[in-house]
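Visitor: pasting the structure only:
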């Protein structure tokens, strides 16, 4: 099969051994794959896959099941999408059947490819780890990103007012169109977030650069969930504010979690989130698609930090 590999800072569509479908696994003929910031980091050699995971790029994909291993209830021909530790940007992928969900009714395989990673990330961090309750206020940094786009919609669906920080006025308008109450543009300064706070939950993919503002706008007993380090890894932190506000700082990653953890997460996602797609209360936000042969252009597009929503690679155009 062909697969996309990160090689010395660029990507190549190369021959790669096909995987064998074992007990409890399914093989998927890949239609499309979502592109995530983790893929940019892996391409640059900064985020290797966990031990035992595929070296092929791609943390999520959609497609059609072509083979079913013993012990799986899936059927050949089922249209599905899946969460992966790697391997999604290939002509086929073998995955634990528990990490697969059906394509929601009414959605295309391209749209479905943009769902698993971001919605699983948001559900895990806001609703499971942070224990978000209806009515609590949420602050999303990088609100127009794939994760931010999913988070805004989920917060709206579950009764949580949400504000964002973004890179431009256009991206702020985009977030408001999805259901955000408002927010600030980074270049204008983050201080105005105080006008909307205090916030009960903060979802932060930035890290060091935003520590001071997060502590300033956090409510008493706030949960601050750190999911990325785009703004650096090291900074001074005023522990008196952490103590005084009883702030819970939660560091969270998903890719390296166990198979059982991901199976439980996907089961929860299927129960609580999937029906909202079928009711059209949630919609995958696909900003642009690229054929896999133009993967370098797709990676460059995401690297601009100007994408509102998700970039998707089309692997097999005959399926989409």
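Guide: Alright, I've got the coordinates. Because the structure is a prediction, the values reported are computed rather than measured.
Visitor: ok, the residue nearest the centre of the chain - contacts?
Guide: The centre of the chain sits closest to residue 118, judged by C-alpha atoms, centre = their mean, with a distance of 2.2 Å. If a contact means C-beta atoms under 8 Å, 6 or more residues apart in numbering, then residue 118 has 34, 36, 146, 147, 149, 150, 310 as its contacts. Where you see a C-beta, it was placed from the backbone N, CA and C, and this is true even at glycine.
Visitor: neighbours around residue 278, how many?
Guide: For residue 278, the count of nearby residues is 13 (other C-beta atoms under 10 Å).
Visitor: check contacts around it.
Guide: Contacts for residue 278 (C-beta under 8 Å, 6+ apart) come out as 104, 105, 106.
Visitor: please identify which of those is nearest to residue 166.
Guide: Each of these was scored against residue 166 by C-beta to C-beta, and residue 104 proved nearest at 27.1 Å.
Visitor: what helix or strand is the closest one on?
Guide: Residue 104 belongs to no helix or strand when elements are defined using DSSP states H and E.
Visitor: and for residue 243?
Guide: Secondary structure here is read from DSSP H and E; on that basis residue 243 sits in helix 239-245.
Visitor: residue 221 now?
Guide: strand 218-226.
Visitor: list the buried residues of that strand.
Guide: Buried residues in strand 218-226, counting neighbours by 16 or more other C-beta atoms under 10 Å, are found at 218, 219, 222, 223, 224, 225, 226.
Visitor: repeat that for stretch 53-65.
Guide: Within stretch 53-65, the residues that count as buried by 16+ other C-beta under 10 Å are 54, 56, 57, 58, 59, 60, 61, 62, 63, 64, 65.
Visitor: next up, phi/psi of the first one, please.
Guide: Summarising the backbone geometry of residue 54 under the convention degrees, to the nearest 10, its torsions are phi -60, psi 140.
Visitor: quick one on the thing from earlier: what's the next secondary structure element after the helix holding residue 243?
Guide: Under the assignment DSSP H and E, the closest C-terminal helix or strand after helix 239-245 is strand 248-251.
Visitor: so what touches that next one?
Guide: Residues from elsewhere that reach strand 248-251, judged by C-beta under 8 Å, 6+ apart: 125, 129, 130, 221, 222, 223, 224, 225, 226, 242.
Visitor: same list, the residues you listed, but as JSON lines with distance to residue 100 and pLDDT please.
Guide: Below are the contacts of strand 248-251 laid out as JSON lines (distance: C-beta to C-beta, whole Å; pLDDT from 0 to 100):
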{"residue": "125", "distance to residue 100": "22", "pLDDT": "98"}
{"residue": "129", "distance to residue 100": "23", "pLDDT": "98"}
{"residue": "130", "distance to residue 100": "26", "pLDDT": "98"}
{"residue": "221", "distance to residue 100": "37", "pLDDT": "98"}
{"residue": "222", "distance to residue 100": "35", "pLDDT": "98"}
{"residue": "223", "distance to residue 100": "30", "pLDDT": "98"}
{"residue": "224", "distance to residue 100": "32", "pLDDT": "98"}
{"residue": "225", "distance to residue 100": "26", "pLDDT": "98"}
{"residue": "226", "distance to residue 100": "29", "pLDDT": "98"}
{"residue": "242", "distance to residue 100": "40", "pLDDT": "97"}
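Visitor: out of these, who's nearest residue 195?
Guide: With C-beta to C-beta as the yardstick, the closest approach to residue 195 among the contacts of strand 248-251 comes from residue 222, at 16.9 Å.
Visitor: separation between that closest one and residue 245?
Guide: Distance of residue 222 to residue 245, computed by C-beta to C-beta, to the nearest Å: 6 Å.
Visitor: repeat for residue 263
Guide: 36 Å.
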